[in-house]
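Peer 1: return a 3D structure for these sequence lines:
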Amino acid sequence: MSAALDTHTRHRARLRARRSAATALAFLAPAIVGVVVLRLWPAAEALLTSFTDRHGDFTFGTFERLFTDPTFLGSLRVTLLFSLIINPLQIALALFLAVLLTQRVPLVGLWRTLILLPVAIPQIVSAIIWGVLFRPDGPFNSVLVALGLPAIPWLTSPDMALWSIMIICSWVGVGYWMTFLVAGIKDIPESLYEAAQLDGAGPWQRFTNITLPGLRRPLLFVLVADTVANFLVFAPVRQLTRGGPEGSTNLIMNTIFERAYQLGDMPAASAGTIVLVLIVVVVVGIQFRLLPGKD
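Peer 2: As a prediction, the model looks like this:
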C-alpha cells in the first residue's frame, strides 16, 4: 500500500512539473521566437553570406577583399579613434554629473530629468536638431559672430566634423550613463562618508577612497557598454555627413550600410558586420574579465 502511494505521489509530482514547464514555455515562446527570428537567424545568414561572392558562390575571398579596401580600413581607423576619444570623455562627464547630482543641490530631481531627457528623443531627431544648430548660418555660429569670433565649420571641415558627431552622441549618452553611476553612488553606505568626514577627509579624499572604489562595478559596466554603443553609432553620421568630409566621419556602421544598400555588395557588408560583431564579442569578453567577483 505504501509503495502504491509513493508511486502515485511521484506520478502527480511529474505531472505538476510538466504543467509548470509547459506554462513557462508558453510565456517564453514569444521571446524565444523573437530572439530566433530577429537575432539568431539574421546573424547566421550574415555569417553564411560573408563567405560568398556576389553570385552566391562559396569563397573565402570576401574578408581578404574587405581588408585590402582602403575605405573599410579607413572606417576602422576612424571608428577606433572615435571610440578612444569619446569613451573616456563621456564617462568622465557622466561621473562628474553623477557625483554632483548626488549632493545637496537645489532642484536636483529637475536637473537629473533635464540631463536624461535627450535619451527619450530618437537619435535621428537629435541629429536633425543638431544639424540645424551646426549649420554655417545656424544659432551656434550666429552667437560666435555676434561675439566677434570666427564661425566654425562644424560639419564641413575634416578637422571638426568628427568632434561634432562626438558632441551629438555625448548629448544623448552622458545622461544615460549618468543614471547608472547615480544608482551606484546611492548604493554606497552613507556611513562611510560620515566616518571619513569625521576623520577629516576632504571632498577629493572621499571621492578617491570611497566613491571610486564603490563604483568599480558600475564604472566597468558603463565603460564596456559605452564602448559597444559607440561602435554602433550610425544615425548622426548618416543624417548629417554621410561619412564625410573626406571620410573623416566614416564610421564602420556607415560603411556597412553603404556596402549593403548603395553598392549592393551584401557579402562585403555581411563580412563587415561579422568583423563588428567580433569586436563587440571581444569587448564583452573584456567586461567579464574585468568585472570583479563577489565580495
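Peer 1: break this protein into its domains for me.
Peer 2: 1-50, 68-290 (automatic domain parsing).
Peer 1: if we ignore the residues flanking it in sequence, what's nearest Val145?
Peer 2: Ala151 (5.9 Å; C-beta to C-beta, 6 or more residues apart in numbering). C-beta: built from backbone N, CA, C; applies to glycine.
Peer 1: list the contacts of that neighbour.
Peer 2: With contact taken as C-beta atoms under 8 Å, 6 or more residues apart in numbering, Ala151 is in contact with 136, 141, 144-145.
Peer 1: follow-up on the earlier one: the domains of the chain into JSON lines, with extra columns for distance to Asp57?
Peer 2: Converted to JSON lines, the domains of the chain look like this (distance: least, C-beta to C-beta, whole Å):
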{"stretch": "domain 1-50", "distance to Asp57": "12"}
{"stretch": "domain 68-290", "distance to Asp57": "10"}
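Peer 1: mind telling me which of those the model trusts least?
Peer 2: Mean pLDDT is lowest for domain 1-50 among those, at a mean of 74.
Peer 1: quick one: that domain to chain centroid distance?
Peer 2: With C-alpha atoms, centre = their mean, to the nearest Å as the basis, domain 1-50 stands 32 Å off its chain's centre.
Peer 1: just stretch 121-141 next, same as before
Peer 2: On C-alpha atoms, centre = their mean, the centre of stretch 121-141 falls 21 Å from the chain's centre.
Peer 1: just the CA atoms of stretch 124-141, as PDB, please.
Peer 2: What follows is stretch 124-141, C-alpha atoms only, in PDB (Å, rounded to 0.1, in the frame of the first residue of the first chain):
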ATOM      1  CA  ILE A 124      17.600  60.700 -35.900                       C
ATOM      2  CA  VAL A 125      15.600  63.500 -34.400                       C
ATOM      3  CA  SER A 126      18.600  64.500 -32.300                       C
ATOM      4  CA  ALA A 127      20.700  64.500 -35.400                       C
ATOM      5  CA  ILE A 128      18.300  66.800 -37.200                       C
ATOM      6  CA  ILE A 129      18.200  69.200 -34.300                       C
ATOM      7  CA  TRP A 130      21.900  69.400 -34.000                       C
ATOM      8  CA  GLY A 131      22.200  69.700 -37.800                       C
ATOM      9  CA  VAL A 132      20.200  72.900 -37.600                       C
ATOM     10  CA  LEU A 133      22.400  74.200 -34.700                       C
ATOM     11  CA  PHE A 134      25.600  73.300 -36.600                       C
ATOM     12  CA  ARG A 135      24.600  75.000 -39.900                       C
ATOM     13  CA  PRO A 136      27.100  77.600 -41.200                       C
ATOM     14  CA  ASP A 137      24.300  80.200 -40.600                       C
ATOM     15  CA  GLY A 138      22.900  78.400 -37.600                       C
ATOM     16  CA  PRO A 139      22.500  79.500 -34.000                       C
ATOM     17  CA  PHE A 140      25.900  78.500 -32.800                       C
ATOM     18  CA  ASN A 141      27.800  80.400 -35.500                       C
END
